[in-house]
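J.: Here is my input, please return the structure:
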Amino acid sequence: IETLFSQLCDQFKIRNNYAKSFNGFKTRVLSKIAALTFIQFVNVFVFNRKMNRLKIELI
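T.: Just a heads-up that it's a prediction; the model follows:
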């Protein structure tokens, strides 16, 4: 869990949102979480890699 939150903060810059409305904020956060989930899915089920090694084991 700590690795996941660390990656969200560092690689996906989830702390830095420059949205001007709440809908924009929601969209940006959800898109970042969806991108992280998709990369984890591809790493595990397509390439048989470790789940949380996103930076090193990127597609």
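J.: List the residues that contact Leu4.
T.: Applying CB atoms under 8 Å, 6 or more residues apart in numbering, we find Leu4 in contact with 36, 52. To be clear about C-beta, it is placed using only N, CA and C from the backbone, and glycine gets the same treatment.
J.: Identify the single longest helix in the chain, thanks.
T.: Of all the segments assigned as helix in the chain under DSSP state H, the longest by residue count is helix 22-41.
J.: what's the residue sitting nearest the centre point of the chain in contact with, if anything?
T.: When CA atoms, centre = their mean is applied to the chain, the residue found nearest the centroid is Leu36 (2.7 Å). Leu36 sits next to 4, 7-8, 12, 54 when contact means CB under 8 Å, 6+ apart.
J.: can you check Met51 too?
T.: Here Met51 is in contact with 40, 43-44 (criterion: CB under 8 Å, 6+ apart).
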